[in-house]
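Enquirer: Starting from these lines, generate the structure:
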Amino acid sequence: MLSYGFYYAGGLLAGAAVATYLLGWPYALPFYALAAFCLNFFRDPERRTPSGPVAVSPADGKVVAIRPVASGANRISIFLNVFDVHVNRTPIPGKVACVNYKKGEFLAANKDQASDANEQNIMTVDGVVGGVSTRVMFKQIAGLIARRIICYKKPGDILEPGERIGLIKFGSRVDVFLGPEWELMVRPGDRVSAGSSVIARIRDTALSEAV
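Expert: The predicted structure follows:
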């Protein structure tokens, strides 16, 4: 993912060189600042995914909302600002059941209506966690500034725990939908990290039934 940072930073550094040659080095400072910003934005740190019957966060950011949805499921909404890591990861290991792209608006990603109205990429993963069969859906949602959703996976792909699946450029939102077999471990206002923060755990009742 850092290659995107090199791509943008390279263009900005070229601009800095031209500005320095034509106008002097002070005029190149904004180009250097933006180049550093791009390298930081597209950073992709390694993460250690915890073991056990858990679901991990698909994104870095702040939990801005938790809403009940149909069939006893819950939606966890995570807002990513421009200083967060924007690489997205799968909440659970398993098989990609489907990937659907949906055109839409570009509302501010921290607004609740962005979950349905904004441009988004929807991935569904079927897996077995702690012996319990489960299906987790999550959305990469564009925002006011973010206009580019990237997803590297396709239906049929097998995902390892916390595996990278793509990213959203320049500020965005990720929603994850967890069924009633999951006990939520986060609250609105919590900060989470993709691939390493536990956001839910399979309920003991579901684990006991799976034995």
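Enquirer: Is the residue nearest to residue 191 when sequence neighbours are not counted part of a helix or strand, or is it coil?
Expert: In space, residue 191 comes closest to residue 62 once its chain neighbours are excluded; the distance is 5.7 Å by C-beta to C-beta, 6 or more residues apart in numbering. Quick note: C-beta positions are derived from backbone N, CA and C, even for glycine. What DSSP: H, G, I helix; E, B strand; the rest coil gives for residue 62 is strand.
Enquirer: got the end-to-end distance for stretch 71-91?
Expert: 20 Å (C-alpha to C-alpha, to the nearest Å).
Enquirer: Identify each buried residue in it, please.
Expert: 73-80, 84-91 (16 or more other C-beta atoms under 10 Å).
Enquirer: can you check stretch 126-135 too?
Expert: Applying 16+ other C-beta under 10 Å to stretch 126-135 flags 127, 129-130, 132, 134-135 as buried.
Enquirer: likewise stretch 55-68?
Expert: Here stretch 55-68 shows 55-66 as buried, counting by 16+ other C-beta under 10 Å.
Enquirer: Please identify which of those is nearest to residue 24.
Expert: residue 60 (38.3 Å; C-beta to C-beta).
Enquirer: That closest one and residue 190 touch, don't they?
Expert: No - with contacts counted by C-beta atoms under 8 Å, residue 60 stays clear of residue 190, the gap being 12.0 Å.
Enquirer: so how far is stretch 53-71 off the chain centroid?
Expert: Chain-centre distance of stretch 53-71: 11 Å, with C-alpha atoms, centre = their mean, to the nearest Å.
Enquirer: wait, is residue 36 part of a helix?
Expert: Yes - applying three-state DSSP, one finds residue 36 inside a helix.
Enquirer: Show me the strands in this structure, by range?
Expert: 54-56, 61-68, 74-80, 87-89, 94-102, 120-129, 132-142, 148-151, 158-159, 164-169, 172-178, 182-184, 191-192, 198-202 (DSSP state E).
Enquirer: tilt between the second one and strand 198-202?
Expert: In this structure, strand 61-68 runs at an angle of 40 degrees to strand 198-202, with axes from the mean of the first three to the mean of the last three C-alpha atoms, to 10 degrees as the basis.
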